[in-house]
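J.: Using only what follows, build the 3D model:
(one chain, ligands or ions: 1)
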Amino acid sequence: MADPGLPSSQPATSGRRVDFCGLQLDHPIINASGTFDAIAARRAFGDALLERFPFSAFVSKTVTLAPRQGNPPPRLWELGAGMINSIGLPNKGLAGYLEHDLPALAALPVPLIVNVMGSSAEDVATLVRAFGERDEVAALELNVSCPNVKTGLLMGADPGEIAALLDGVRPHTAKPVIVKLTPNCASPADVAAAAEAHGADAVSLINTVRGMAMHPRRPGEPWLGGGAGGVSGPAVRAVALSQVREVRARVALPIVGMGGVQSGRHAQDLLDAGADLVAVGTETFRDPTAGTRIAEDLANCEDPLSAQPHTPARIAQRG
Ligand code: RRO
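T.: Here you go, the predicted model:
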(Lines give C-alpha, C1' and ligand atoms only; values in the text may rest on other atoms or scores of the structure.)
Protein backbone atom coordinates (compact mmCIF):
# COMPACT_ATOMS: atom_id res chain seq x y z
CA MET A 1 0.00 0.00 0.00
CA ALA A 2 1.23 3.48 -0.84
CA ASP A 3 2.61 5.50 2.04
CA PRO A 4 0.19 8.30 2.98
CA GLY A 5 3.16 10.67 3.17
CA LEU A 6 3.55 10.51 -0.59
CA PRO A 7 1.01 11.82 -3.10
CA SER A 8 -1.10 9.05 -4.61
CA SER A 9 -0.89 10.03 -8.28
CA GLN A 10 1.96 10.32 -10.75
CA PRO A 11 3.13 13.93 -11.15
CA ALA A 12 1.05 15.73 -13.75
CA THR A 13 4.11 17.19 -15.39
CA SER A 14 3.74 16.07 -18.99
CA GLY A 15 4.88 18.68 -21.45
CA ARG A 16 7.69 19.86 -19.16
CA ARG A 17 10.28 17.27 -20.19
CA VAL A 18 13.78 18.72 -20.43
CA ASP A 19 16.99 17.77 -22.19
CA PHE A 20 19.71 18.84 -19.78
CA CYS A 21 23.25 18.22 -21.07
CA GLY A 22 21.93 15.15 -22.89
CA LEU A 23 20.01 13.79 -19.87
CA GLN A 24 16.33 13.32 -20.64
CA LEU A 25 14.45 14.52 -17.55
CA ASP A 26 10.71 14.19 -16.89
CA HIS A 27 10.42 17.74 -15.58
CA PRO A 28 12.72 20.64 -14.58
CA ILE A 29 12.71 20.07 -10.79
CA ILE A 30 15.72 18.42 -9.13
CA ASN A 31 17.04 18.54 -5.56
CA ALA A 32 19.81 20.79 -4.28
CA SER A 33 22.86 18.79 -3.16
CA GLY A 34 22.79 17.78 0.49
CA THR A 35 19.16 18.61 1.19
CA PHE A 36 17.39 15.30 0.49
CA ASP A 37 18.76 12.03 1.87
CA ALA A 38 17.40 9.56 -0.68
CA ILE A 39 18.77 6.55 1.22
CA ALA A 40 17.00 7.56 4.46
CA ALA A 41 13.85 8.45 2.48
CA ARG A 42 13.87 4.98 0.91
CA ARG A 43 14.03 3.48 4.41
CA ALA A 44 11.11 5.68 5.53
CA PHE A 45 8.86 5.39 2.46
CA GLY A 46 9.95 2.04 0.98
CA ASP A 47 9.27 1.38 -2.70
CA ALA A 48 6.63 4.14 -2.77
CA LEU A 49 9.57 6.55 -2.98
CA LEU A 50 10.84 4.88 -6.15
CA GLU A 51 7.37 4.81 -7.74
CA ARG A 52 6.85 8.52 -7.18
CA PHE A 53 10.32 9.99 -6.82
CA PRO A 54 9.98 13.74 -6.15
CA PHE A 55 12.80 14.87 -8.46
CA SER A 56 13.64 14.30 -12.14
CA ALA A 57 17.32 13.75 -11.29
CA PHE A 58 19.02 13.15 -7.95
CA VAL A 59 22.04 15.20 -6.83
CA SER A 60 24.11 13.55 -4.09
CA LYS A 61 25.50 15.19 -0.96
CA THR A 62 29.09 16.31 -1.51
CA VAL A 63 31.68 13.53 -1.58
CA THR A 64 35.33 14.17 -0.68
CA LEU A 65 38.38 11.95 -1.20
CA ALA A 66 38.81 11.10 2.50
CA PRO A 67 35.99 10.60 5.02
CA ARG A 68 35.02 13.69 7.03
CA GLN A 69 33.31 14.06 10.40
CA GLY A 70 31.79 17.45 9.58
CA ASN A 71 31.62 20.49 11.85
CA PRO A 72 30.98 20.39 15.60
CA PRO A 73 27.34 20.90 16.69
CA PRO A 74 25.15 22.85 16.71
CA ARG A 75 24.94 22.73 12.92
CA LEU A 76 21.63 24.48 12.25
CA TRP A 77 19.94 27.75 13.18
CA GLU A 78 16.37 28.44 12.12
CA LEU A 79 15.60 31.86 10.66
CA GLY A 80 12.28 33.60 10.13
CA ALA A 81 12.66 32.88 6.41
CA GLY A 82 14.94 29.89 6.13
CA MET A 83 17.91 28.62 8.06
CA ILE A 84 21.67 28.76 8.50
CA ASN A 85 23.66 25.53 8.21
CA SER A 86 27.19 24.69 9.17
CA ILE A 87 27.27 21.00 8.40
CA GLY A 88 30.86 20.90 7.18
CA LEU A 89 30.61 18.08 4.64
CA PRO A 90 30.38 14.94 6.74
CA ASN A 91 30.70 12.00 4.33
CA LYS A 92 32.17 8.51 3.98
CA GLY A 93 34.84 9.57 1.49
CA LEU A 94 35.28 8.17 -2.01
CA ALA A 95 35.86 4.52 -1.05
CA GLY A 96 32.98 4.45 1.45
CA TYR A 97 30.65 6.16 -1.00
CA LEU A 98 31.49 3.72 -3.81
CA GLU A 99 30.94 0.74 -1.51
CA HIS A 100 27.85 1.83 0.46
CA ASP A 101 26.01 4.77 -1.14
CA LEU A 102 26.46 4.32 -4.88
CA PRO A 103 24.66 0.95 -5.08
CA ALA A 104 21.68 2.35 -3.14
CA LEU A 105 21.52 5.56 -5.19
CA ALA A 106 21.87 3.63 -8.46
CA ALA A 107 18.49 2.02 -7.63
CA LEU A 108 16.73 5.39 -7.89
CA PRO A 109 14.50 5.75 -10.96
CA VAL A 110 16.19 9.00 -12.12
CA PRO A 111 19.67 9.99 -13.34
CA LEU A 112 22.28 10.35 -10.57
CA ILE A 113 24.43 13.49 -10.40
CA VAL A 114 27.35 13.10 -7.98
CA ASN A 115 28.54 16.26 -6.24
CA VAL A 116 32.26 16.27 -5.38
CA MET A 117 34.66 18.58 -3.59
CA GLY A 118 38.42 18.53 -3.06
CA SER A 119 40.92 20.71 -1.28
CA SER A 120 43.10 20.75 -4.41
CA ALA A 121 42.60 20.41 -8.18
CA GLU A 122 44.35 17.01 -7.96
CA ASP A 123 41.81 15.75 -5.39
CA VAL A 124 38.93 16.91 -7.57
CA ALA A 125 40.50 15.25 -10.64
CA THR A 126 40.79 11.95 -8.72
CA LEU A 127 37.13 12.13 -7.70
CA VAL A 128 36.00 13.03 -11.21
CA ARG A 129 38.04 10.19 -12.74
CA ALA A 130 36.64 7.67 -10.24
CA PHE A 131 33.00 8.66 -10.76
CA GLY A 132 33.46 9.36 -14.46
CA GLU A 133 34.09 5.68 -15.12
CA ARG A 134 30.98 4.48 -13.26
CA ASP A 135 27.92 3.72 -15.42
CA GLU A 136 25.63 4.53 -12.46
CA VAL A 137 26.72 8.18 -12.59
CA ALA A 138 25.05 10.40 -15.20
CA ALA A 139 26.87 13.66 -14.45
CA LEU A 140 29.15 15.38 -11.95
CA GLU A 141 28.69 18.58 -9.99
CA LEU A 142 31.85 20.30 -8.72
CA ASN A 143 31.19 21.95 -5.37
CA VAL A 144 33.52 24.92 -5.37
CA SER A 145 31.19 26.94 -3.20
CA CYS A 146 30.73 25.39 0.25
CA PRO A 147 30.66 28.28 2.74
CA ASN A 148 31.66 25.98 5.59
CA VAL A 149 35.09 24.80 4.41
CA LYS A 150 37.72 27.42 3.57
CA THR A 151 39.38 25.70 0.60
CA GLY A 152 36.08 25.02 -1.19
CA LEU A 153 34.96 28.60 -1.10
CA LEU A 154 38.33 30.06 -2.11
CA MET A 155 38.39 27.97 -5.27
CA GLY A 156 34.94 29.05 -6.38
CA ALA A 157 35.33 32.76 -5.78
CA ASP A 158 38.08 33.32 -8.32
CA PRO A 159 37.74 32.95 -12.12
CA GLY A 160 41.46 32.03 -12.47
CA GLU A 161 41.14 29.21 -9.91
CA ILE A 162 38.07 27.85 -11.68
CA ALA A 163 39.86 27.95 -15.03
CA ALA A 164 42.81 26.00 -13.57
CA LEU A 165 40.49 23.53 -11.83
CA LEU A 166 38.59 22.75 -15.03
CA ASP A 167 41.82 22.43 -17.03
CA GLY A 168 42.88 19.73 -14.56
CA VAL A 169 39.51 17.98 -14.39
CA ARG A 170 38.00 18.16 -17.87
CA PRO A 171 40.30 15.57 -19.48
CA HIS A 172 39.19 12.95 -16.92
CA THR A 173 35.57 12.51 -17.98
CA ALA A 174 33.27 12.81 -20.94
CA LYS A 175 30.27 13.03 -18.61
CA PRO A 176 28.59 16.41 -18.12
CA VAL A 177 30.39 18.57 -15.55
CA ILE A 178 28.32 21.15 -13.67
CA VAL A 179 30.12 23.83 -11.65
CA LYS A 180 28.24 24.96 -8.53
CA LEU A 181 28.85 28.66 -8.05
CA THR A 182 29.05 30.64 -4.86
CA PRO A 183 27.05 33.82 -4.27
CA ASN A 184 29.80 34.89 -1.85
CA CYS A 185 32.16 36.49 -4.35
CA ALA A 186 32.60 39.68 -6.32
CA SER A 187 31.15 38.36 -9.58
CA PRO A 188 29.51 34.93 -9.98
CA ALA A 189 29.09 35.84 -13.67
CA ASP A 190 32.89 36.18 -14.10
CA VAL A 191 33.35 32.77 -12.47
CA ALA A 192 30.63 31.29 -14.72
CA ALA A 193 32.32 32.76 -17.81
CA ALA A 194 35.64 31.18 -16.78
CA ALA A 195 33.89 27.85 -16.24
CA GLU A 196 32.32 28.05 -19.69
CA ALA A 197 35.61 28.97 -21.38
CA HIS A 198 37.39 26.04 -19.72
CA GLY A 199 34.99 23.26 -20.59
CA ALA A 200 32.17 23.16 -18.02
CA ASP A 201 28.90 21.80 -19.42
CA ALA A 202 26.62 23.70 -17.02
CA VAL A 203 26.63 25.87 -13.92
CA SER A 204 24.40 25.71 -10.85
CA LEU A 205 23.66 28.55 -8.45
CA ILE A 206 23.26 29.72 -5.78
CA ASN A 207 24.95 27.85 -2.95
CA THR A 208 24.17 29.31 0.46
CA VAL A 209 24.90 32.90 1.42
CA ARG A 210 27.44 33.34 4.20
CA GLY A 211 25.80 34.30 7.47
CA MET A 212 25.87 33.74 11.22
CA ALA A 213 23.72 33.72 14.36
CA MET A 214 24.78 34.85 17.81
CA HIS A 215 24.36 32.54 20.79
CA PRO A 216 21.16 33.59 22.61
CA ARG A 217 22.69 33.19 26.08
CA ARG A 218 26.42 33.78 25.57
CA PRO A 219 27.02 37.36 24.45
CA GLY A 220 29.61 37.66 21.69
CA GLU A 221 29.69 33.94 20.89
CA PRO A 222 28.39 32.39 17.67
CA TRP A 223 25.62 29.79 17.94
CA LEU A 224 26.92 27.45 15.27
CA GLY A 225 29.75 25.10 16.16
CA GLY A 226 31.52 26.09 12.94
CA GLY A 227 31.22 29.82 13.78
CA ALA A 228 29.55 31.03 10.59
CA GLY A 229 27.40 29.14 8.11
CA GLY A 230 25.30 29.35 4.96
CA VAL A 231 21.85 30.97 4.73
CA SER A 232 19.21 29.21 2.61
CA GLY A 233 15.46 29.32 2.10
CA PRO A 234 13.09 32.15 1.16
CA ALA A 235 15.56 34.69 2.62
CA VAL A 236 17.86 34.17 -0.38
CA ARG A 237 15.31 33.86 -3.20
CA ALA A 238 15.77 37.41 -4.47
CA VAL A 239 19.57 36.95 -4.43
CA ALA A 240 19.23 33.76 -6.49
CA LEU A 241 16.97 35.42 -9.04
CA SER A 242 19.31 38.33 -9.60
CA GLN A 243 22.44 36.15 -9.80
CA VAL A 244 20.83 33.66 -12.22
CA ARG A 245 19.84 36.59 -14.42
CA GLU A 246 23.38 38.03 -14.32
CA VAL A 247 24.95 34.67 -15.12
CA ARG A 248 22.45 34.06 -17.96
CA ALA A 249 23.50 37.40 -19.48
CA ARG A 250 27.13 36.19 -19.61
CA VAL A 251 27.03 32.49 -20.56
CA ALA A 252 25.19 30.23 -22.98
CA LEU A 253 25.65 27.18 -20.72
CA PRO A 254 22.63 25.43 -19.20
CA ILE A 255 21.91 26.78 -15.70
CA VAL A 256 20.49 25.02 -12.64
CA GLY A 257 18.87 27.78 -10.61
CA MET A 258 18.14 27.44 -6.90
CA GLY A 259 17.50 29.49 -3.79
CA GLY A 260 14.36 29.59 -1.67
CA VAL A 261 12.01 27.87 -4.13
CA GLN A 262 8.76 26.83 -2.41
CA SER A 263 6.22 26.83 -5.24
CA GLY A 264 5.79 26.41 -8.97
CA ARG A 265 5.63 30.18 -9.27
CA HIS A 266 9.05 30.54 -7.64
CA ALA A 267 10.43 27.87 -9.98
CA GLN A 268 8.92 29.59 -13.01
CA ASP A 269 10.52 32.87 -11.91
CA LEU A 270 13.98 31.24 -11.93
CA LEU A 271 13.27 29.71 -15.36
CA ASP A 272 12.19 33.13 -16.58
CA ALA A 273 15.43 34.60 -15.20
CA GLY A 274 17.39 32.17 -17.38
CA ALA A 275 17.60 28.82 -15.59
CA ASP A 276 17.02 25.54 -17.48
CA LEU A 277 16.44 23.43 -14.35
CA VAL A 278 15.40 24.43 -10.84
CA ALA A 279 16.68 22.78 -7.67
CA VAL A 280 14.67 22.63 -4.46
CA GLY A 281 16.55 22.46 -1.16
CA THR A 282 15.41 23.90 2.15
CA GLU A 283 11.72 23.40 1.30
CA THR A 284 12.23 19.61 1.28
CA PHE A 285 13.06 19.73 5.02
CA ARG A 286 9.48 20.89 5.63
CA ASP A 287 7.95 18.67 2.95
CA PRO A 288 9.88 15.72 1.49
CA THR A 289 7.38 15.59 -1.41
CA ALA A 290 7.97 19.25 -2.28
CA GLY A 291 9.66 18.28 -5.57
CA THR A 292 6.50 16.58 -6.87
CA ARG A 293 4.24 19.37 -5.67
CA ILE A 294 6.43 22.07 -7.24
CA ALA A 295 6.80 20.14 -10.54
CA GLU A 296 3.01 19.76 -10.77
CA ASP A 297 2.48 23.38 -9.76
CA LEU A 298 5.01 24.43 -12.41
CA ALA A 299 3.15 22.49 -15.09
CA ASN A 300 0.21 24.82 -14.40
CA CYS A 301 2.42 27.91 -14.68
CA GLU A 302 3.07 27.65 -18.41
CA ASP A 303 0.59 30.38 -19.24
CA PRO A 304 1.69 33.26 -16.99
CA LEU A 305 -1.86 34.57 -16.83
CA SER A 306 -3.15 31.26 -15.49
CA ALA A 307 -0.51 31.12 -12.73
CA GLN A 308 -1.21 32.14 -9.17
CA PRO A 309 -1.20 35.95 -9.05
CA HIS A 310 1.64 37.02 -6.78
CA THR A 311 2.33 40.63 -7.57
CA PRO A 312 0.11 43.69 -8.00
CA ALA A 313 1.29 43.82 -11.65
CA ARG A 314 0.12 40.25 -12.30
CA ILE A 315 -3.18 40.87 -10.58
CA ALA A 316 -3.71 43.97 -12.75
CA GLN A 317 -2.72 41.97 -15.85
CA ARG A 318 -5.38 39.38 -15.07
CA GLY A 319 -8.01 42.10 -14.86
O1 RRO B 1 28.09 20.60 4.24
C2 RRO B 1 27.90 21.83 4.30
O3 RRO B 1 28.11 22.48 5.33
C4 RRO B 1 27.43 22.61 3.15
C5 RRO B 1 27.86 22.41 1.84
BR6 RRO B 1 29.01 21.01 1.34
C7 RRO B 1 27.43 23.29 0.82
O8 RRO B 1 27.79 23.19 -0.37
N9 RRO B 1 26.61 24.30 1.18
C10 RRO B 1 26.17 24.48 2.43
O11 RRO B 1 25.43 25.43 2.70
N12 RRO B 1 26.60 23.63 3.42
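J.: Give the buried residues for stretch 69-85.
T.: 70-71, 75, 77, 82-85 (16 or more other C-beta atoms under 10 Å). Any C-beta I mention is one placed from the backbone N, CA and C, and that applies to glycine too.
J.: Contacts for it next, please.
T.: 86-90, 148, 208, 211-213, 223-226, 229-236, 260, 282, 285 (C-beta atoms under 8 Å, 6 or more residues apart in numbering).
J.: ok, is it in contact with the ligand or not?
T.: Yes - residues of stretch 69-85 contacting the ligand under C-beta under 6 Å from any ligand atom: residue 85.
J.: And that stretch, end to end?
T.: Across stretch 69-85, the terminal residues are separated by 15 Å (C-alpha to C-alpha, to the nearest Å).
J.: So for that stretch, mean pLDDT?
T.: Stretch 69-85 shows a mean pLDDT of 97.
J.: from what I can see residue 270 touches residue 258, true?
T.: Yes - with contacts counted by C-beta atoms under 8 Å, residue 270 reaches residue 258, the gap being 7.5 Å.
J.: Please enumerate the shared neighbours of these two.
T.: Joint contacts of residue 270 and residue 258 (C-beta under 8 Å, 6+ apart) are 240, 278.
J.: more neighbours, the two?
T.: Under the criterion of other C-beta atoms under 10 Å, the comparison of residue 270 against residue 258 puts residue 258 first, with 31 against 26.
J.: tally of neighbours for the residue nearest to that one when sequence neighbours are not counted?
T.: If the residues on either side of it in the chain are set aside, residue 258 comes closest to residue 279, at 3.7 Å by C-beta to C-beta, 6 or more residues apart in numbering. Residues contacting residue 279 under the criterion other C-beta under 10 Å number 30.
J.: quick one: average pLDDT of the biggest helix by length in the chain?
T.: Among the segments of the chain that qualify as a helix by DSSP state H, the longest is helix 237-250. The predicted model assigns helix 237-250 a mean pLDDT of 98.
J.: That one packs against which elements?
T.: helix 188-197, strand 202-205, strand 255-258, helix 264-273 (3 or more C-beta pairs under 8 Å, 6 or more residues apart in numbering; DSSP states H and E).
J.: ok, and what's touching it?
T.: 181, 183, 188-190, 192-193, 203, 205-206, 209, 255, 257-261, 266, 269-270, 273-275.
J.: near the ligand, which residues of the protein show up?
T.: So the chain meets the ligand at 34, 62, 85-89, 143, 145-148, 207-208, 230 (C-beta under 6 Å from any ligand atom).
J.: Can you select the buried ones from those residues in PyMOL?
T.: Of those, the buried ones can be selected in PyMOL as follows, counting by 16+ other C-beta under 10 Å:
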select buried, resi 34+62+85+86+87+88+89+143+145+146+147+148+207+208+230
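J.: Any idea how far apart the tips of stretch 109-117 sit?
T.: 25 Å.
J.: again but with stretch 76-89, I slipped
T.: Length of stretch 76-89, first residue to last, C-alpha to C-alpha: 13 Å.
J.: How about stretch 195-212?
T.: End-to-end distance (C-alpha to C-alpha), stretch 195-212: 29 Å.
J.: List the buried residues of that stretch.
T.: 195-196, 198, 200-211.
J.: tell me which of those is nearest to residue 173?
T.: Among these, residue 201 lies closest to residue 173 (C-beta to C-beta), at 10.2 Å.
J.: ok, so what distance separates the closest one from residue 53?
T.: From residue 201 across to residue 53, the span is 23 Å (C-beta to C-beta, to the nearest Å).
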